[in-house]
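Asker: Can you look at this prediction? I've put the sequence above it.
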Amino acid sequence: MITARFSHCVCRATLTLLALVLSAEPATAQQTRSLLGAPCRGSVDTQVTEARTERTYVLDYPCDLGPGEDVTFVLSLHGGGSSASWQRRYFPIFDQKERHRLVIATPFSPTRRWSEVDDEYLRNIVASLIEEIGPERVRAFWLAGHSQGGATSRRLICTDFFERRVDGFLSLSGGRLGGGAPRAPNAGRPRQADEPPPADPPATPPPTPGAAAADPDCDFSHIFAIGEHEIASLPSTSALAQQYGCGPRVKQPAVVDTEPGYVHDGSRQNPGSRAWGLLPRPGTADTYVYPGCGDDRVVADVVRLDKGHTEGLEPAVTEALVRLMLSARGGKIRGR
């Protein structure tokens, strides 16, 4: 009799515990959230529409994003002649979004080249996502731009809207602040075998290019990433590092990739050039950090060895750049 009652109690307790476990599973699933009703893994087929301009962009964020969770927000701008889809795979930080809690917006210029006409669209993307995430949940906000997207980030970063929000600028072959890196003599798109011969030079020589744009005059961290064959040399000092009171640069352990990146410029491989970029392949990158910067800023250079302008970033160097970004001071959007 006692044994029967004991067995009955054990069974009831087991069933109760099982019911609690099963009922907890949907509750856990319900704790994740979406952003703007978009899928967590972006694609050109599931783009988000910016309401005011009715232009679209690609959005990626952690698929297990929880309410009240802090994130780092990145606006990733493509280069001239490129697209959001190509930029997303050239700098594939969407692969790091769960591990490092990233929200990434990758917009697109219909002219394939950024200009002042696009500024409202970019501001609206940033404002709507900050509102959706919650300003208090944005740990840091970075601009990342490849080539002309980097030049555009440089133009925007100290405008009133972005200066009050941006914590850092990652230049992906888009110009180095604090002392430019001179271009390699053969930098630029290689002439293809099936292209017509160049036209005769004009009788009047073109005007001499003007002076390089001045560095932006506001506070933010700066990381410069470049292919070795794109530049003649990398400066060993940085005026920006000096401004922030950083120490002399320190070379970090090499970043070694055994896997290739996702993309390259397939339209410029007949022939290709080392400066413009060849086919995707593994690689190694050298990282130079200026330590001890004031206000916990980060100033760093990353040189991808034996790489050119259009070879997509490999997994390890992509994560190394993300880690550098996350090591910098954030909080402008939080008012800190």
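Answerer: Okay, I see it. Since this is a predicted model, take the numbers as computed values, not measurements.
Asker: SS state for Glu136?
Answerer: helix (DSSP: H, G, I helix; E, B strand; the rest coil).
Asker: which residues of the stretch 201-336 of the chain score low on pLDDT?
Answerer: 201-212 (pLDDT under 70).
Asker: repeat for the stretch 1-150 of the chain
Answerer: 1-30.
Asker: can you give me the strands in it?
Answerer: With DSSP state E, counting those that start in this stretch as the definition, the stretch 1-150 of the chain shows strands at residue ranges 48-50, 55-60, 71-77, 102-107, 138-146.
Asker: Describe which strands the second one pairs with in its sheet and in which direction.
Answerer: In this case it means strand 55-60. strand 48-50 (antiparallel), strand 102-107 (antiparallel) (DSSP bridges).
Asker: any idea which of the ones you listed is most buried?
Answerer: Most buried of those, by mean neighbour count (mean count of other C-beta atoms under 10 Å): strand 102-107, with a mean of 25. All C-beta atoms are positioned from the backbone trio N, CA, C, and that covers glycine.
Asker: Only the C-alpha atoms, please, for it, written as PDB.
Answerer: C-alpha atoms of strand 102-107 as PDB (Å, rounded to 0.1, in the frame of the first residue of the first chain):
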ATOM      1  CA  LEU A 102      26.000  42.800 -34.100                       C
ATOM      2  CA  VAL A 103      23.300  44.600 -36.000                       C
ATOM      3  CA  ILE A 104      24.400  45.400 -39.600                       C
ATOM      4  CA  ALA A 105      22.600  47.600 -42.100                       C
ATOM      5  CA  THR A 106      23.900  47.400 -45.700                       C
ATOM      6  CA  PRO A 107      22.300  50.100 -47.900                       C
END
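Asker: So what angle separates the directions of it and strand 138-146?
Answerer: 40 degrees (axes from the mean of the first three to the mean of the last three C-alpha atoms, to 10 degrees).
Asker: Let's have the strands of the stretch 1-150 of the chain in CSV, adding distance to Gln242.
Answerer: Output for the strands of the stretch 1-150 of the chain, formatted as CSV (distance: least, C-beta to C-beta, whole Å):
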stretch, distance to Gln242
strand 48-50, 39
strand 55-60, 36
strand 71-77, 27
strand 102-107, 31
strand 138-146, 22
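Asker: Compare those and give me the one nearest Lys251.
Answerer: The closest of the strands of the stretch 1-150 of the chain to Lys251 is strand 138-146. By C-beta to C-beta, the value is 23.1 Å.
Asker: orientation of the closest one relative to strand 71-77 in degrees?
Answerer: Using the same axes, to 10 degrees: strand 138-146 against strand 71-77 is 20 degrees.
Asker: Partner strands of strand 138-146, with direction?
Answerer: Sheet pairing for strand 138-146, using DSSP bridges, gives strand 71-77 (parallel), strand 168-172 (parallel).
Asker: For the shortest one, what is the distance to the chain centroid?
Answerer: Taking the mean of its C-alpha atoms, strand 168-172 sits 8 Å from the chain's own mean (C-alpha atoms, centre = their mean, to the nearest Å).
Asker: Would you mind identifying the next helix or strand past it?
Answerer: strand 221-227 (DSSP states H and E).
Asker: ok, and what's touching that following strand?
Answerer: Outside of strand 221-227, the residues within contact range by C-beta atoms under 8 Å, 6 or more residues apart in numbering are 167-173, 175-178, 181, 234, 240, 275, 277, 293, 297-304, 307-309, 311, 313, 317, 321, 324-325, 328-329.
Asker: For that strand, buried residues please.
Answerer: Neighbour-count burial for strand 221-227 flags Ser221, His222, Ile223, Phe224, Ala225, Ile226, Gly227 (criterion: 16 or more other C-beta atoms under 10 Å).
Asker: Mind checking what secondary structure Val303 has?
Answerer: Assigned by three-state DSSP, the conformation of Val303 is strand.
Asker: Over to the one 3 residues further on?
Answerer: In three-state terms, and counting by three-state DSSP, Asp306 is coil.
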